[in-house]
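**Student:** show me how the following folds:
(2 chains)
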Amino acid sequence: MTPQVVITGMGAVTPLGVGADTLFKRWSEGECAIEDGLARCRDFDPTEFLTRKEARRTDRFTHFAMVAADEALSTAWPDGLPYEPERIGCVIGTGIGGLGSLEQQQDVLRDRGPKAVSPLAVPLLMGNAAAAAVAMRHGLHGSSFGVMSACAAGAHAIGAALRMIEAGEADAVVAGGAESAIAGVAVAAFAAMGATSPTGMSRPFDARRDGFVMGEGAGVLVLESSERATARKAQPVGEILGYAASSDAHHLTAPEPSGRDAARAIELALTNAGLEPGDIDYVNAHGTSTPLNDYSETQALKAALGEEAHRIPVSSTKSAIGHLLGAAGAVEAIATVESLRRSLAPPTVGWEERDPELDLDYVPDEARPLEHQGNGNGEARLTGLSNSFGFGGHNAVLCLAA
Amino acid sequence: MPAQATAESVEQVIFDGLKELGAEGEVSRESTFEELDVDSLDLVELAQIVEDEFGVELQGEDVKDMRKVGQVIDLVVARSQ
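**Tutor:** Numbering: from 1, shown residues only, chains lettered A, B, ... in the order given. All right, here's what the predicted structure looks like:
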């Protein structure tokens, strides 16, 4: 029998502040962290959490991952690692990696020549740096690596971690996503391709949406085999019921308009969880605020969930914190678990004007209590989906419960 | 034009450099790199600082067997003469 996988700790650094609780509380209250068209972790000071040496030997995206992992591990394992370190893995996704460090060293190379380039440049910028730093910080000796699938990386990392535990390769995996790409080249390039909002507004599913707003941060979860967690009398905060991924194989940046392959990922995640659309209480959408994503995602939800799609509340975390790219899937999985635990759907902040083609319930105005659908076996817990779609046509869907 | 490398000026630059790199605890001539948690990557950065300041080039080979801060200071002063 395939082992079940539970979540025993979660940590987040987002533009709304440090902490998974902070994220959920502020988003539920309708706060939005976007300023001047960007969602920065403005008050984040790495030296509050890391030594000077740790901070200067890691890029900002790794700082976020380390701080989020500290929160997740201190919740899950306050007394230290409960399993053999060789049986604990670490998988952290990112969209781009240490872009700020790369740009800075590029300036050094141009201005002062190759001999002045820092020996730390590669370990700072490499996409696996966050996974390496978290594994080193906590002495995790199982399989550890980075995942790169643009804006689906956080969800793919959690999916990979789930499969590692299901396959019996690990008792626990620290999994998540991290991103800090608000740097010259990325800001200019996303604008050049018309992906980011020229008005600087993140308005997922609204008729006036005109692009996403770049954000930064990290989300990290501790996943454990349910059997091992039960044996040590852990109190899980949630469970991963299912996961699936697919590819559009359609275009460099645009989603396939019908959402056909995204719908297939949703259907497969439900199948993997052993659930029907009627069991789903909430959807945390990818909802980027781009004209294309929000249209094709709505198509995908309707194709996969049928009539039930109109009943289920769908909201987008990106309305409050912008688009965290490779961190988005992990931060949004955390937000989904918090929604299910507290039986509350946070709003799609700023949603006002209906697009006639986008006809689902996007939870406008304010947070709304979730109605439990039940899945016929008397379970009291709520179940939800978290969608992540990345440039390149990568689709990853998590089915969660709490 | 590189700065004049006196025993005092080299010591100051190396002490400040090690603190900048995040070396742990008090830095003295007698401190070992092990105590300061200074590894090979830190030593390459320290060599870059020394070269910028005094024009003295240090290779990995030159410092790989050195255990104490004072040994590096003496080498830089000797090389600059």
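**Student:** which bits of chain B sit near chain A?
**Tutor:** B:21-24, B:37, B:41, B:44-45, B:48, B:51-52 (CB under 8 Å from any CB of the partner chain). (C-beta placed from N, C-alpha, C; glycine too.)
**Student:** ok, of the residues you listed, which come out buried?
**Tutor:** Buried members of the residues of chain B next to chain A, counted by 16 or more other CB atoms under 10 Å in any protein chain shown: B:21-23, B:44-45, B:48, B:51.
**Student:** follow-up on the earlier one: identify, from the residues of chain B next to chain A, the entry nearest to chain A.
**Tutor:** For the residues of chain B next to chain A, the residue nearest chain A by CB to the nearest CB is B:Gly22; the value is 2.8 Å.
**Student:** check contacts around the closest residue to the closest one other than its chain neighbours.
**Tutor:** Of all residues not flanking B:Gly22 in the chain, A:Lys53 sits nearest, at 2.8 Å (CB to CB, 6 or more residues apart in numbering or on different chains). Applying CB atoms under 8 Å, 6 or more residues apart in numbering or on different chains to A:Lys53 gives the contacts B:21-24, B:37.
**Student:** make CSV out of these and add pLDDT and secondary structure.
**Tutor:** Conversion of those to CSV gives the following (pLDDT from 0 to 100; DSSP: H, G, I helix; E, B strand; the rest coil):
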residue, pLDDT, secondary structure
B:Leu21, 95, coil
B:Gly22, 92, coil
B:Ala23, 91, coil
B:Glu24, 83, coil
B:Asp37, 93, coil
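**Student:** quick check, pLDDT for residue 51.
**Tutor:** You didn't say which chain, so I picked chain A. If you check A:Thr51, the pLDDT there is 95.
**Student:** ah, I was thinking of chain B
**Tutor:** Looking at B:Glu51, the pLDDT reads 94.
**Student:** pretty sure it is in a strand, no?
**Tutor:** No - per DSSP: H, G, I helix; E, B strand; the rest coil, B:Glu51 lies outside any strand segment and is helix.
**Student:** wait, which of the contacts of A:Lys53 is closest to A:Arg264?
**Tutor:** B:Gly22 (48.9 Å; CB to CB).
**Student:** name the residue of the stretch 101-250 of chain A that lies nearest to chain B.
**Tutor:** The minimum distance from the stretch 101-250 of chain A to chain B, using CB to the nearest CB, falls at A:Pro119 (4.1 Å).
**Student:** ramachandran coordinates for the closest residue to that residue other than its chain neighbours?
**Tutor:** Of all residues not flanking A:Pro119 in the chain, B:Val44 sits nearest, at 4.1 Å (CB to CB, 6+ apart). When read as degrees, to the nearest 10, the backbone of B:Val44 gives phi -60, psi -40.
**Student:** surely B:Val44 meets B:Val63?
**Tutor:** No - between B:Val44 and B:Val63 there is no contact under CB atoms under 8 Å: 9.2 Å.
**Student:** taking chain A, what residue is nearest to chain B?
**Tutor:** A:Lys53 (2.8 Å).
**Student:** now do the buried residues in the helix or strand hosting that residue.
**Tutor:** Using DSSP states H and E, A:Lys53 falls within helix A:52-56. For helix A:52-56, the neighbour count (16+ other CB under 10 Å) marks A:53-56 as buried.
**Student:** repeat that for stretch A:253-261.
**Tutor:** Under 16+ other CB under 10 Å, the buried positions of stretch A:253-261 are A:253-256, A:259-261.
**Student:** which among those residues are in contact with chain B?
**Tutor:** Applying CB under 8 Å from any CB to these, none is adjacent to chain B.
**Student:** so in terms of bridging, what pairs with A:Val174?
**Tutor:** Beta-bridge partners recorded for A:Val174 (DSSP bridges): A:Cys90, A:Val222.
**Student:** could you double-check that it sits in contact with A:Glu224?
**Tutor:** No - the criterion here is CB under 8 Å, and A:Val174 misses it with A:Glu224 at 10.1 Å.
**Student:** the two: which has the busier surroundings?
**Tutor:** A:Val174 (33 against 28; other CB atoms under 10 Å in any protein chain shown).
**Student:** show me what contacts the more buried one?
**Tutor:** A:69, A:72-73, A:88-92, A:134-135, A:138, A:140, A:161, A:220-223.
**Student:** any low-confidence regions in chain B?
**Tutor:** B:1 (pLDDT under 70).
**Student:** nearest residue to the middle of it?
**Tutor:** B:Ile14 (4.4 Å; CA atoms, centre = their mean).
**Student:** which secondary structure state does that one sit in?
**Tutor:** helix.
**Student:** so it is in contact with B:Val76, correct?
**Tutor:** Yes - under the criterion of CB under 8 Å, B:Ile14 is in contact with B:Val76, at a separation of 7.4 Å.
**Student:** quick one: residues contacting B:Gly55.
**Tutor:** B:2, B:80.
**Student:** how about the backbone phi and psi for it?
**Tutor:** phi 70, psi 20.
**Student:** before we move on, back to that, and the average pLDDT for whichever helix or strand comes after the helix holding A:Lys53 is what?
**Tutor:** Remark: after helix A:52-56, the chain's next helix or strand is helix A:60-76, criterion DSSP H and E. Mean pLDDT, helix A:60-76: 98.
**Student:** over to stretch A:296-304?
**Tutor:** 98.
**Student:** and for it, what's in contact with it?
**Tutor:** Residues outside stretch A:296-304 that contact it (CB under 8 Å, 6+ apart): A:205, A:255-260, A:262-264, A:266-267, A:270, A:277, A:283, A:285-287, A:309, A:314, A:357-360, A:387, A:389.
**Student:** helices along chain B, start to end?
**Tutor:** B:7-20, B:40-54, B:60-63, B:69-80 (DSSP state H).
**Student:** buried set for the third one?
**Tutor:** Neighbour counts over helix B:60-63 (16+ other CB under 10 Å) mark B:62-63 as buried.
**Student:** and stretch B:16-36, how far from the chain's centre?
**Tutor:** 10 Å (CA atoms, centre = their mean, to the nearest Å).
**Student:** then stretch A:151-165?
**Tutor:** That offset, for stretch A:151-165, works out to 10 Å (CA atoms, centre = their mean).
**Student:** tell me which residues of it come out buried.
**Tutor:** Within stretch A:151-165, the residues that count as buried by 16+ other CB under 10 Å are A:151-162, A:164-165.
**Student:** let's see which of those end up in helices.
**Tutor:** Among the buried residues of stretch A:151-165, the residues falling in helices (DSSP H) are A:153-162, A:164-165.
**Student:** any chance of these in TSV, with distance to chain B too?
**Tutor:** Below are those laid out as TSV (distance: CB to the nearest CB, whole Å):
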residue	distance to chain B
A:Ala153	27
A:Gly154	29
A:Ala155	33
A:His156	30
A:Ala157	27
A:Ile158	32
A:Gly159	34
A:Ala160	29
A:Ala161	29
A:Leu162	35
A:Met164	30
A:Ile165	34
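**Student:** report the contact partners of B:Phe33.
**Tutor:** B:39, B:42-43, B:66-69.
**Student:** most neighbours out of those residues, which is it?
**Tutor:** B:Val69 (24 neighbours).
**Student:** quick check: closest non-adjacent residue to that one.
**Tutor:** In space, B:Val69 is closest to B:Ser31, 4.9 Å off (CB to CB, 6+ apart).
**Student:** contacts only, for that neighbour.
**Tutor:** Contacts of B:Ser31 by CB under 8 Å, 6+ apart are B:23, B:25, B:68-69.
**Student:** before we move on, back to that, okay, the buried ones among the residues of chain B next to chain A in a markdown table with distance to A:Ala234 next?
**Tutor:** Shown next, in a markdown table, are these (distance: CB to CB, whole Å):
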| residue | distance to A:Ala234 |
| --- | --- |
| B:Leu21 | 40 |
| B:Gly22 | 36 |
| B:Ala23 | 39 |
| B:Val44 | 44 |
| B:Glu45 | 42 |
| B:Gln48 | 48 |
| B:Glu51 | 53 |
